[in-house]
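Novice: any chance you could fold what I've pasted below:
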Amino acid sequence: MPELPRNPKVEPAREKLRAVGLRLLFLVGLVLLGTLLTYRNSPLNIINLFNRPVSDPETVGRVQEQQSAEPEQMATQEVAGETLTLPDDFAVTLFASGRGKLRMMAITADNYLLVTEMDRGNVLAYPLTGASSEPVTLVSGLRSPSGVAFHNNEVWVAEETRVTKYPYQGNGRVGDQTVVIPAFPDGGHGTRTIGFGLDGKLYVTIGSSCNVCEEKDQRRAAMVRYNADGTGEEIFAEGLRNTVPFIWHPESGEIWGADNGRDLIGDDVPPEEINIIKQSKHYGWPYCYGRGVPNPEFPDKAEFCQSTEFPIVEMQAHSAPLGMRFYEDGNWPDRYDLNLFIGFHGSWNRTDPTGYKIVRVDRDLKVHDFITGWQEKPLNRVWGRPVDILFFDDDMYVTDDFAGRIFKVSLKD
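Specialist: Numbers count the residues shown, from 1 in each chain. Reported below is the predicted structural model:
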C-alpha cells in the first residue's frame, strides 16, 4: 500500500503541541517540588497525603504514660551561636565542628575518640587528652561508614556492604586493612552498627530494605552474629525494622536496642521502641509494631503478633533514635545512675516534627528530656540532628550529622 503524503502544515503543529505539553509537565513538576519543599514542616505537608492513618489510642496512651511528669530544672545556654536547653547543673560546649555527617563513636586504649564521617567515607580520631583537639583522618575511601568499634587493639568499621578492621598502632594511626565480612545487602536502610558481645562475637544490625515488606534476604531487619574472624554467620534476632543503636546493659549483660518504626500510618504511631534483644526471638516487623499491634497491611497476622517480643519502652513516633549509652560509675547526681541516654535524630513523616534532642530513660523506664533546642519552634527550624552518645572521663559527647559537630556536656563545678 503506498504511503500517504504528509501534510506539511500538520507536522509542525504536532511538534509545537508536543513542546508545549513538555513545558507544562516540567512546570507542574516544579510546582509539586516547590510545594513539597515549602510545606514539608507544615500541616499542609503533602507527604501526609500518602498516610494511612491508624487509630491506636491504647499505644499512644502508653507512650504518654512513659513520659516523665517530673521535669528537670532546666536552663538555656548559648553554643555555636544557637541556644540549647539542658539541666541547670550541666554545661554544654562545642568540641568539634566543620566536618561532614558525623555518626557513631568509640574510644581507643590511648584515649582517641573514633568517629565515622559517613558522607566523606572517613574514620576520624580526635585526641581526648593533651593540648590539641584536631582530628586525624584514620581511614578514608570507605563506603558510607557508620558503625565503629575498638576491640582487641583493632579498629573495626561497618560500611554499608562490609566490615573491615585495622591494627591500631597508637597516636591515631592504624595499619593495613583486613576485610572481615565482605558482603552485606545494600540499599534501603544503609547504615550498619557493630559491637562485640561478652561472648567475644561480633554483632551487626542490618536495617530493612523498605518501609513495610517481607524481606527476601533474612539478614535484613535483623541482628546478625559472627565469630570474630567473620565466619559462623547466624541470625541472632528478627523483626527489627531498623535497630541502629544497641548496647549491653552494664549489670544484666542483656542487649538493649532502639528500633526505628515504620512510616505512613500517622503522626503518633508506631512508637519508637527499646527492646531487650534475645537470641532466636522475633520483634514483629513487618507484621506488627509495639505490643503486638498488626500493621494495616497484615490484618491476618494478629495471632502471630501476640507471640512476638514486646518493647520494654515505647517512645514518641518518628523520633528516630540513632545512638544510645548507659551512664554508670561517675560523679553525676545519683538520679542518672544506669540511665539510658538516647539521641533522637528527628522526624520527617510527621505533621509537627519531633525529635532533635537527647532524652534519658531512668531506672523506672520513664522518658525525660535531657537536651532540647536543636529544633527551634514554632518555626520548626532545625540546626542540628543528634546521632551518637558516648561518655568519657565523666563527660558526654554527642555527634551531630546535620552540621558536622560534636558537643561536649559536662557537670558544672
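Novice: so in this structure, where's the weakest helix or strand by average pLDDT?
Specialist: In the chain, no helix or strand scores lower on mean pLDDT, DSSP states H and E than helix 10-39, which sits at a mean of 58.
Novice: name the next helix or strand downstream of it, please.
Specialist: Next helix or strand after helix 10-39 toward the C-terminus (DSSP states H and E): helix 57-66.
Novice: what helices or strands is that next one leaning on?
Specialist: strand 313-315 (3 or more CB pairs under 8 Å, 6 or more residues apart in numbering; DSSP states H and E). Where C-beta positions appear, they are placed from N, C-alpha and C, glycine not excepted.
Novice: so what does the strand it packs on touch, helix or strand wise?
Specialist: helix 57-66, strand 272-277.
Novice: pretty sure residue 400 is in contact with residue 382, am I right?
Specialist: No: under the criterion of CB atoms under 8 Å, residue 400 makes no contact with residue 382, lying 10.6 Å away.
Novice: using the three-state scheme, assign the nearest residue to residue 350 once chain neighbours are set aside.
Specialist: Excluding the flanking residues, the one nearest residue 350 by CB to CB, 6 or more residues apart in numbering is residue 318, at 4.5 Å. Secondary structure, DSSP: H, G, I helix; E, B strand; the rest coil: residue 318 is coil.
Novice: what do residue 400 and residue 382 both touch?
Specialist: residue 374 (CB atoms under 8 Å, 6 or more residues apart in numbering).
Novice: quick one: the strands in the stretch 101-250 of the chain?
Specialist: 102-107, 112-117, 122-127, 136-139, 147-151, 154-158, 163-170, 173-174, 178-181, 192-196, 202-206, 222-226, 234-238, 243-248 (DSSP state E, counting those that start in this stretch).
Novice: sheet partners, orientation included, of the fifth one?
Specialist: Read that as strand 147-151. With DSSP bridges as the test, strand 147-151 is paired with strand 154-158 (antiparallel).
Novice: and for the third one?
Specialist: Partner strands for strand 122-127, per DSSP bridges, with pairing direction: strand 112-117 (antiparallel), strand 136-139 (antiparallel).
Novice: ranking those strands by burial, who's on top?
Specialist: Most buried of these, by mean neighbour count (mean count of other CB atoms under 10 Å): strand 112-117, with a mean of 26.
Novice: domain assignment for this protein?
Specialist: 12-41, 58-411 (automatic domain parsing).
Novice: right, so the ones you listed: which one is the most enclosed?
Specialist: domain 58-411 (a mean of 18).
Novice: quick one: residue 302 is in a helix?
Specialist: Yes: counting by three-state DSSP, residue 302 falls inside a helix.
Novice: quick one on the thing from earlier: with distance to residue 360 and mean pLDDT added, can I get the strands paired with strand 122-127 in a markdown table?
Specialist: A markdown table is the format used below for the strands paired with strand 122-127 (distance: least, CB to CB, whole Å; pLDDT from 0 to 100):
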| stretch | distance to residue 360 | mean pLDDT |
| --- | --- | --- |
| strand 112-117 | 21 | 98 |
| strand 136-139 | 30 | 97 |
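Novice: just send the ones you listed back as CSV, with distance to residue 303 too.
Specialist: Output for the strands paired with strand 122-127, formatted as CSV (distance: least, CB to CB, whole Å):
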stretch, distance to residue 303
strand 112-117, 41
strand 136-139, 48
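Novice: not counting sequence-adjacent ones, nearest residue to residue 401?
Specialist: residue 101 is the one closest to residue 401 (CB to CB, 6+ apart), at 3.9 Å.
Novice: wait, doesn't that neighbour sit right on residue 115?
Specialist: No: contact between residue 101 and residue 115 fails when scored by CB under 8 Å: they sit 10.3 Å apart.
Novice: looking at the helices and strands packed on strand 313-315, which is nearest to residue 78?
Specialist: Each of these has some distance to residue 78 by CB to CB; the shortest is strand 272-277, at 29.7 Å.
Novice: roughly how far is the next helix-or-strand element following that closest one from the heart of the chain?
Specialist: Next helix or strand after strand 272-277 toward the C-terminus (DSSP H and E): strand 288-289. Mean C-alpha position of strand 288-289 versus that of the full chain (CA atoms, centre = their mean, to the nearest Å) differs by 19 Å.
Novice: related to what we said a few turns ago, kindly reformat the strands of the stretch 101-250 of the chain as a markdown table containing distance to residue 368.
Specialist: Shown next, in a markdown table, are the strands of the stretch 101-250 of the chain (distance: least, CB to CB, whole Å):
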| stretch | distance to residue 368 |
| --- | --- |
| strand 102-107 | 23 |
| strand 112-117 | 26 |
| strand 122-127 | 29 |
| strand 136-139 | 35 |
| strand 147-151 | 27 |
| strand 154-158 | 30 |
| strand 163-170 | 35 |
| strand 173-174 | 39 |
| strand 178-181 | 37 |
| strand 192-196 | 24 |
| strand 202-206 | 26 |
| strand 222-226 | 27 |
| strand 234-238 | 28 |
| strand 243-248 | 18 |
